[in-house]
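Chemist: I would like the atomic coordinates for the input below:
(2 chains)
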Amino acid sequence: MKHFFKDLTSSKAGLFGAVLLVIIVALALLAPMLHLPDPTRGDLRARLAGPTWDGLFSPGAHPLGTDEVGRDILSRLIFGSRMTLMVACTAVVLGGIVGTILGILAGYKGGFVDKLLMRLVDIQLAIPLMLLALLIVAALGPSIQNVVLVLALTSWIRYARIIRAQVLSLREREFVQSAHAIGASTLRIMFLHILPNVMTPALVVGTLELARIIIMDAALSFLGLGVQPPTPSWGRMLADGRVYLSSAWWAVTFPGLAIVLTVLSVNLFGDWLRDYFDPKTRSAK
Amino acid sequence: MTGFILRRLAESLLAVWGVVTIVFFVTRVLGDPAALLLPIGASEADIQALRVQLGLDQSLIAQYGHFLVNVVQGDFGTSFQHGRGAMQVVLERLPATAELAISAIVIGLLIGAVAGSIAALKRGKAIELVVMAVALLGQATPVFWLGIMLILFFAVNLGWLPTGGYGTLAHLVLPAFTLAVFVSASIARLLRSSMLEILKEDYIRTAKAKGLLRHTVFFWHVARNALIPVVTMTAILTGELLGGSVVTETVFSWPGIGRLIIQAIEAKDFPVIQAGITLIATIFVLINFLVDLLYGVLDPRIRANR
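Modeler: This next block holds a predicted model:
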């Protein structure tokens, strides 16, 4: 753990990403305690008010402006981050669990199970993920559960492929061979001996997947197929603000910036995490 | 080589069949088109009559069989919105999508190749840092937001380019560039790291030691070997691009397949959704097939192994 933080602080990009990510997550978690204006209640006298830093701490201040029904954009961004992070994290964990289990199964069992699963992966990869997501959300109807389900579904293949490759080499290692030799059951070997050894690559894939899923979630909301109003979501704010593009630049600019900053921080941290756990690049330092 | 081509062809056909199957079951099992098609409050008898008319009263397997037979003939049924063959409606939009995707790939590859090469060759200089920072930002930026920002700047504020629509070259600039940014960011990062690996190889040292000109070493030894991962990445990016074009086409009112699919989803026009997604997935499978053949041409080692 000590080495972990030492390495992190020595990487400027990784540290920047980690700090930014901590700030974003902290803001999301603490949102109800920050005395922000109600993100769902508008003030029609203050429709599309521009960003102003005068009287920043007075109750009526809108540092990032207001949207088309006078709702405070800063507050909606922070409350929107809760939904974005919750949806994205649940999808990543769900996809990770399914992908890891299937990856271990394919890699360790080999044979027919492996062939079948890998063929399934190939077929799913033939549909661009965004279209697959659209297809399923369109059929199921937009709701938080469906969006999470769809995003997890686009994600499991990445875990499955990488974990499978890891397991193929782990399978030949002595500790697995000896566990097999003393008569350990297949389930026991897969979950007690192999699983702990693939947690690290799964974690790295998960971090990088998180970035992709945040963008995809925003795209679905942008197309009106994500979380439904009045719950604030970044993609939806962009879609609503687009109508007022020529008169209120802030309504589209800030939600987009929030997505970029979040994805950037996750990517930077994820890249560092991958290098940290990859012995090949680590020894090169 | 023939055996390899045939095997890849069989795999590609299998993938297309899989896509068609997924498309059928997702649209047919998850939603009841008859209930969706009729206005809310339609009588049970009306719904039942429409079910019979659409063949929905038959067993699922029978429906699936019919669907497959029709799909092989390119028949996806009649579009609810357009009243014409769904595949016909989709194919009419193909040129617009192809125009946008090809422009974006070409621009993106050009920018990405130049930026990635500069970053690799100027290792440790300020320019490497700038290129990599921009590429990271490019990868973190959702295409639809980038599109909106470009509209805000170049169309609304400066008035140089149209905010959306289709027809002239001026209409193509913003959407093509929007998608190209994403492509070039990925290509630049990949090319830089693969070039850095290659620059460490013994044959590069040999090439330099025997006194070859710097650009000869670069084009014949470095660039050529760095091309293989770029080709793989381009195939993957094409898929992302075809998916990303859905939002980009919506942002720019570009009359391509992506926007058509979104409109079909809003209207619950299932034949068009099925035809559109099947066509795009088939094109994507075809591209991957061609890319696999291209490897043999690019890399003699792969050719020998087959």
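
Chemist: now the helices for the stretch 101-250 of chain A?
Modeler: Taking DSSP state H, counting those that start in this stretch to define them, one finds helices in the stretch 101-250 of chain A at A:111-126, A:129-140, A:144-170, A:174-181, A:186-188, A:195-222, A:234-242, A:250-277.

Chemist: closest to residue B:250 out of those?
Modeler: Closest of the helices of the stretch 101-250 of chain A to residue B:250 is helix A:195-222, at 8.1 Å (criterion: C-beta to C-beta). To be clear about C-beta, it is placed using only N, CA and C from the backbone, and glycine gets the same treatment.

Chemist: what's the angle between the closest one and helix A:174-181?
Modeler: For helix A:195-222 against helix A:174-181, the angle by axes from the mean of the first three to the mean of the last three C-alpha atoms, to 10 degrees is 110 degrees.

Chemist: quick check: closest non-adjacent residue to the single nearest residue of the stretch 51-200 of chain B relative to chain A.
Modeler: Relative to chain A, the nearest point of the stretch 51-200 of chain B is residue B:145 (3.5 Å; C-beta to the nearest C-beta). Spatial nearest neighbour of residue B:145, chain neighbours left out: residue A:256 (3.5 Å); criterion: C-beta to C-beta, 6 or more residues apart in numbering or on different chains.

Chemist: picking up where we left off before, tabulate the helices of the stretch 101-250 of chain A (a markdown table), appending mean pLDDT.
Modeler: Below are those laid out as a markdown table (pLDDT from 0 to 100):
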| stretch | mean pLDDT |
| --- | --- |
| helix A:111-126 | 85 |
| helix A:129-140 | 83 |
| helix A:144-170 | 87 |
| helix A:174-181 | 85 |
| helix A:186-188 | 84 |
| helix A:195-222 | 87 |
| helix A:234-242 | 84 |
| helix A:250-277 | 87 |
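
Chemist: nearest to residue B:288, out of those?
Modeler: The closest of these to residue B:288 is helix A:111-126. By C-beta to C-beta, the value is 7.8 Å.

Chemist: nearest residue to the middle of chain A?
Modeler: With distances taken as C-alpha atoms, centre = their mean, residue A:210 lies nearest the centre of chain A, 2.4 Å away.

Chemist: now do the contacts for it.
Modeler: For residue A:210, the contact set (C-beta atoms under 8 Å, 6 or more residues apart in numbering or on different chains) comprises A:88, A:89, A:92, A:266, A:270.

Chemist: with residue A:158 instead?
Modeler: Taking C-beta under 8 Å, 6+ apart, we find residue A:158 in contact with A:95, A:99, A:205, A:209.

Chemist: same thing but 10 Å
Modeler: Each residue near residue A:158 by C-beta atoms under 10 Å, 6 or more residues apart in numbering or on different chains is listed here: A:95, A:96, A:99, A:103, A:121, A:125, A:129, A:205, A:206, A:208, A:209, A:212.

Chemist: could you do residue A:78 as well?
Modeler: Residue A:78 sits next to A:24, A:27, A:28, A:30, A:31, A:32, A:34, A:36, A:39, A:72, A:232, A:258 when contact means C-beta under 10 Å, 6+ apart.

Chemist: and chain B, which of those reach it?
Modeler: Checking the contacts of residue A:78 against chain B by C-beta under 10 Å from any C-beta of the partner chain, the ones in range are residue A:258.

Chemist: got the contacts of residue A:78 as TSV, with distance to residue B:67 columns?
Modeler: TSV is the format used below for these (distance: C-beta to C-beta, whole Å):
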residue	distance to residue B:67
A:24	46
A:27	49
A:28	45
A:30	52
A:31	48
A:32	50
A:34	53
A:36	51
A:39	45
A:72	50
A:232	40
A:258	43
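
Chemist: what subset of the contacts of residue A:78 is buried?
Modeler: Among these, those classed as buried by neighbour count (16 or more other C-beta atoms under 10 Å in any protein chain shown) are A:24, A:27, A:28, A:31, A:36, A:39, A:72, A:232, A:258.

Chemist: okay, and for chain B, where does confidence drop off?
Modeler: Scanning chain B for pLDDT under 70 picks out the ranges B:1, B:29-42, B:299-306.

Chemist: scan it for its longest helix.
Modeler: When chain B is parsed with DSSP state H, its longest helix is helix B:86-121.

Chemist: angle of the next helix-or-strand element following that helix against helix B:86-121?
Modeler: Next helix or strand after helix B:86-121 toward the C-terminus (DSSP states H and E): helix B:126-140. Angle, helix B:126-140 to helix B:86-121, by the same axes, to 10 degrees: 160 degrees.

Chemist: what angle separates helix B:126-140 from helix A:250-277?
Modeler: For helix B:126-140 against helix A:250-277, the angle by the same axes, to 10 degrees is 110 degrees.

Chemist: isn't residue B:106 up against residue B:180?
Modeler: Yes. Between residue B:106 and residue B:180 a contact is recorded at 8.1 Å, counting by C-beta atoms under 10 Å.

Chemist: of the two, who's got more company?
Modeler: A side-by-side neighbour count of residue B:106 and residue B:180, using other C-beta atoms under 10 Å in any protein chain shown, places residue B:180 first with 23 against 13.

Chemist: show me the contacts for the more buried one.
Modeler: B:103-112, B:138, B:187, B:241.

Chemist: now with 8 Å, please.
Modeler: Per C-beta under 8 Å, 6+ apart, neighbours of residue B:180: B:103, B:104, B:105, B:107, B:108, B:111.

Chemist: what angle do the helix or strand where it lies and helix B:126-140 make?
Modeler: Per DSSP H and E: residue B:180 is located in helix B:169-199. Counting by the same axes, to 10 degrees, helix B:169-199 lies at 120 degrees to helix B:126-140.

Chemist: ok, and does stretch B:92-112 reach over to chain A?
Modeler: No. Stretch B:92-112 lies out of reach of chain A by C-beta under 8 Å from any C-beta of the partner chain, never closer than 11.2 Å.

Chemist: list the buried residues for that stretch?
Modeler: Quick answer for stretch B:92-112 (16+ other C-beta under 10 Å): B:93-94, B:96-97, B:99-101, B:103-105, B:107-109, B:111-112.
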